[in-house]
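Novice: Sequence first, predicted model second:
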Amino acid sequence: MKFLHTSDWHLGRQLHNHSLLEDQVFVLEQVIQFAKQHEVDALVVAGDVFDRSVPPSQAVTVLDEVLDRLVKQLAIPVIMIAGNHDGAQRLAFAARQMQASGLYIVGPLSRELQAIKIGAKNGESAMFYGLPYAEPAMVRQVFDCEVSTHQEAMAVLVEQVKQHDSGGLAKVVVAHCFLDGGDESDSERPLSMGGADKISPSLFADFAYSALGHLHGPQYKGAEHIRYSGSLLKYSFSEQHQNKSLSLVELTPQGPQVTLLPLKPLRNVRVIEGFFSELLAAGLSDPHADDYLMIRLLDKSAILDAMGKLRAVYPNVLHLERSGLMAQQPHLELQRDHIKKGEYAMFSDFFEQVSGEPLSEAQQLFVQQTIEQLHRGEPA
């Protein structure tokens, strides 16, 4: 039995207000090719299929096309659960009717456990259990039980799987949660405040494999068979050093064998820093100048239209930090003193930094008169 473990597609995601749909289409093509190349028996999406509960229509179209190729053209069953970003009801539309085609969507939490039997090409089978993301309050309501934490809520769901008779078949759990000790990134929406969302990896220890979603970095916790596949793309600059991949899982009598299949993005997500003139010169010969960039400028002087000039060389600069300029005022008290100077002194300082020379007498008089008019409420 071989299957691909993926998660956190986040279709429709934006990075600093820039649509990533083209990049997602590019990497999903690799997912399809890996599924075909390795002749997998199933593909798992462990939550956060979409980036928000009401996804843009283009994202829905992309998902429809990908599922058509996987399920209809390649006859590969797909098991998909709702994550905390998904609208569970919308994601599960017509889910019961689509099971016959090999598409299994577990949307809203239900009291009735859905056990999905997947047959392998070698004649073996495994049982998959989708546990969609659910707040403790939802678990209380559905199961009429007293739970107040994510740990207690997940324990109720996992106990269902443990009690289910799989007929001796290997049990694979698909869940969307935050394991204690997991490595986070800035692009993951917190499930709750104060660390109350974290659960123990030991809950998943007894299963053949646990395919988890939510954390965007590929990793395992507690044991190698309790694993996050990570997101398909880098969805924040905090993920710049992560290597994105799919998890190819093969269930064997000796235990699961996991191989990470690397994904190549259309554009990388990077953070670069340096002096303005040096970065402009380097960008002219940078073969990856169209990557999504955060740039940290080390210059300590003001630069007019720095973003516009950088984008002429690096078209996808999404964020600019003036770390050099900020270093001139490392203490809050210095910033407060600067504000206390008043508008005239602040403008004089700014003018001198930009032009390299102080205001002339005529300019000083004009600025003073303009400020006085503004204070009186008169048009400048």
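Specialist: On my side now, so go ahead. Quantities reported herein were computed from a predicted structural model and do not represent experimental measurements. Numbers count the residues shown, from 1 in each chain.
Novice: do you know how far the closest residue to Leu263 other than its chain neighbours is from Leu261?
Specialist: In space, Leu263 comes closest to Lys244 once its chain neighbours are excluded; the distance is 4.6 Å by C-beta to C-beta, 6 or more residues apart in numbering. C-beta here means a position set from N, CA and C on the backbone, and glycine is covered the same way. Distance from Lys244 to Leu261, counting by C-beta to C-beta, to the nearest Å: 10 Å.
Novice: Pick out whichever of those two has more residues nearby.
Specialist: Lys244 (22 against 17; other C-beta atoms under 10 Å).
Novice: That one touches Pro218, doesn't it?
Specialist: Yes - with contact defined as C-beta atoms under 8 Å, Lys244 reaches Pro218; the gap is 7.4 Å.
Novice: Now for these two: what residues contact both?
Specialist: Gly230 (C-beta atoms under 8 Å, 6 or more residues apart in numbering).
Novice: all helices for this structure, in order.
Specialist: 21-37, 57-67, 88-91, 95-98, 136-143, 150-163, 276-283, 306-311, 323-326, 332-340, 343-355, 361-375 (DSSP state H).
Novice: quick one: low-confidence parts of the protein?
Specialist: In the predicted model, the chain carries pLDDT under 70 at residues 187-196, 326-342, 356, 375-380.
Novice: Just give me the neighbour total for Lys72.
Specialist: As a burial measure, Lys72 scores 12 neighbours (other C-beta under 10 Å).
Novice: what's the answer for Ala59, then?
Specialist: 21.
Novice: what's the burial count for Ala75?
Specialist: Neighbours around Ala75, by other C-beta under 10 Å: 9.
Novice: ignore the last one, Ser360
Specialist: 9.
Novice: What of Leu113?
Specialist: Leu113, neighbours per other C-beta under 10 Å, totals 14.
Novice: Not counting its neighbours along the chain, what's nearest it?
Specialist: Nearest non-adjacent residue to Leu113 (C-beta to C-beta, 6+ apart): Gln160, at 4.7 Å.
Novice: any chance you could map the strands in the stretch 1-150 of the chain?
Specialist: 2-6, 14-15, 18-19, 42-45, 78-81, 103-106, 115-119, 125-131 (DSSP state E, counting those that start in this stretch).
Novice: okay if I get those as JSON lines plus mean neighbour count and distance to Asp51?
Specialist: Shown next, in JSON lines, are the strands of the stretch 1-150 of the chain (neighbours: other C-beta atoms under 10 Å; distance: least, C-beta to C-beta, whole Å):
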{"stretch": "strand 2-6", "mean neighbour count": "25", "distance to Asp51": "15"}
{"stretch": "strand 14-15", "mean neighbour count": "17", "distance to Asp51": "8"}
{"stretch": "strand 18-19", "mean neighbour count": "13", "distance to Asp51": "11"}
{"stretch": "strand 42-45", "mean neighbour count": "26", "distance to Asp51": "14"}
{"stretch": "strand 78-81", "mean neighbour count": "26", "distance to Asp51": "15"}
{"stretch": "strand 103-106", "mean neighbour count": "22", "distance to Asp51": "17"}
{"stretch": "strand 115-119", "mean neighbour count": "16", "distance to Asp51": "25"}
{"stretch": "strand 125-131", "mean neighbour count": "23", "distance to Asp51": "20"}
